[in-house]
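S.K.: below are the sequence and a predicted model for it; my questions follow.
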Amino acid sequence: MESVLHENASDKNMQALSRDDFSFATELPRMSEQNGTFLMIKSWIRQSVVNMKKISCAPFRKTIIVAGLGRCGTTLLFESLSYHLRIQPGRLHIVRLDDHIDEGLYYTPDTIDRGFDSLEYERLRGQFKRGHVYKSHDFPPEYLPRHVKVIYLFGNPVEIVLSAKSLDNDQLHGVDSRFTILDLHIRNLRGDFAEKGSLFEKDVLRLKDNFDLWMKNHSFPVMAVRYEALWDRLEDIRKFTGCRKLILPPYSPRKDRTISYDEKTLKSLTTVYQTLSRKIKDMSDVTVFE
């Protein structure tokens, strides 16, 4: 696995903070039991939350989009930034970035009840308001407003696909109950979820297209960051976003999902992403495109 890890897991934990309403906080007892620091971590997090409540930031004028290949830290970074920036209701996840500025559209129960595959849902794009953070797995647009910056996260494509496959076990709700979270995830990446049965035989998630299109200069600033380097390069991210108080939850190693698959399946998946894996391995941990 391509990774940039601290020599001491507890050292890495001490370089990041968490807040009590992060969904991944439920994983901390399991993680900390493994390294024998449960009581220390528990006490430290409690104090961290108290300290965070004392933070007062000046009005944030930039807009940040957290983009990426998916299953490689985009939600983690989005939630971390959302402590300092605002979230626009109904536009937490921007499905499409190339047609986003429409001040007349608002999220309502009526529009969302039409289903995520409807034309109405397609029109629910972000307005990129100042001081807000958004998240997307879309291809890069030709244009973004001058106040918008993008952080693009990438990682090992084989691990990404194995992680995405686990989403097929979770059904959506309501009118979308015939779909799984994997279906929605594939759609957000501009893939065809009708082909998800071939997830290990072809690039259904279109990871190669996504990576190649983002890894170049654009008319707006983009910082590309390897998932495993998020903690080591946190100060670079702070400078790029202008969010000097940005903190991250404690680092937790990826779950090894390869043990659930046979050698033939893993070989097929590795072959599909051989070229992309090489490109990602050769990338710097942090690259800024302007």
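M.R.: Structure received.

S.K.: can you pull out the strands in the stretch 151-290 of the chain?
M.R.: 222-226, 286-289 (DSSP state E, counting those that start in this stretch).

S.K.: for Ile151, find the nearest of those.
M.R.: Closest of these to Ile151 is strand 222-226, at 5.1 Å (criterion: C-beta to C-beta). All C-beta spots, glycine's among them, are computed from the backbone N, C-alpha and C.

S.K.: which residues does that closest one contact?
M.R.: 2, 4, 140, 149-155, 214-215, 233, 236-237, 240, 280, 283, 285-290 (C-beta atoms under 8 Å, 6 or more residues apart in numbering).

S.K.: let's see it at 6 Å
M.R.: Val150, Ile151, Tyr152, Leu153, Phe240, Asp285, Val286, Thr287, Val288, Phe289 (C-beta atoms under 6 Å, 6 or more residues apart in numbering).

S.K.: could you find the closest non-adjacent residue to the fourth one?
M.R.: What it means is Leu153. Gly68 (3.5 Å; C-beta to C-beta, 6 or more residues apart in numbering).

S.K.: wait, doesn't the one you found sit right on Thr74?
M.R.: Yes - using C-beta atoms under 6 Å, Gly68 is in contact with Thr74, at 4.5 Å.

S.K.: now do the shared contacts for the two.
M.R.: Counting by C-beta under 6 Å, 6+ apart, the residues touching both Gly68 and Thr74 are Leu153.

S.K.: which one of the two is surrounded by more residues?
M.R.: Gly68 (28 against 22; other C-beta atoms under 10 Å).

S.K.: okay, that one: pLDDT?
M.R.: As predicted, Gly68 sits at a pLDDT of 97.

S.K.: separation between the residue nearest to Leu153 and Ile259?
M.R.: For Gly68, the distance to Ile259 equals 25 Å [C-beta to C-beta, to the nearest Å].

S.K.: and for Arg254, the neighbour number?
M.R.: Under the criterion other C-beta under 10 Å, the count of neighbours that Arg254 has is 17.

S.K.: if I look at it, how far off is Ile186?
M.R.: Distance from Arg254 to Ile186, by C-beta to C-beta: 21 Å.

S.K.: check Phe289 too.
M.R.: Distance from Phe289 to Ile186, by C-beta to C-beta: 26 Å.

S.K.: of these two, which one has the most company?
M.R.: Neighbours per residue (other C-beta under 10 Å) separate Phe289 from Ile186, with Ile186 holding more: 26 against 16.

S.K.: residues in contact with that one?
M.R.: Here Ile186 is in contact with Phe193 (C-beta under 6 Å, 6+ apart).

S.K.: show the pLDDT at it.
M.R.: Reported pLDDT for Ile186: 93.

S.K.: and if you look at Ser32?
M.R.: Value for Ser32, per-residue pLDDT: 38.

S.K.: also Arg190?
M.R.: So Arg190 comes in at 90 (pLDDT).

S.K.: kindly report the same for Asn169.
M.R.: So Asn169 comes in at 95 (pLDDT).

S.K.: and the helices in this structure?
M.R.: Per DSSP state H, the chain carries helices over the ranges 9-14, 28-35, 38-52, 74-82, 109-112, 119-122, 157-165, 181-188, 207-214, 234-241, 263-272, 274-282.

S.K.: so for the longest one, what's the average pLDDT?
M.R.: The predicted model gives helix 38-52 an average pLDDT of 48.

S.K.: ok, stretch 234-243 next?
M.R.: 96.

S.K.: going forward, the N-terminal residue is numbered 15.
M.R.: With 15 as the first residue, the last one maps to stretch 248-257.
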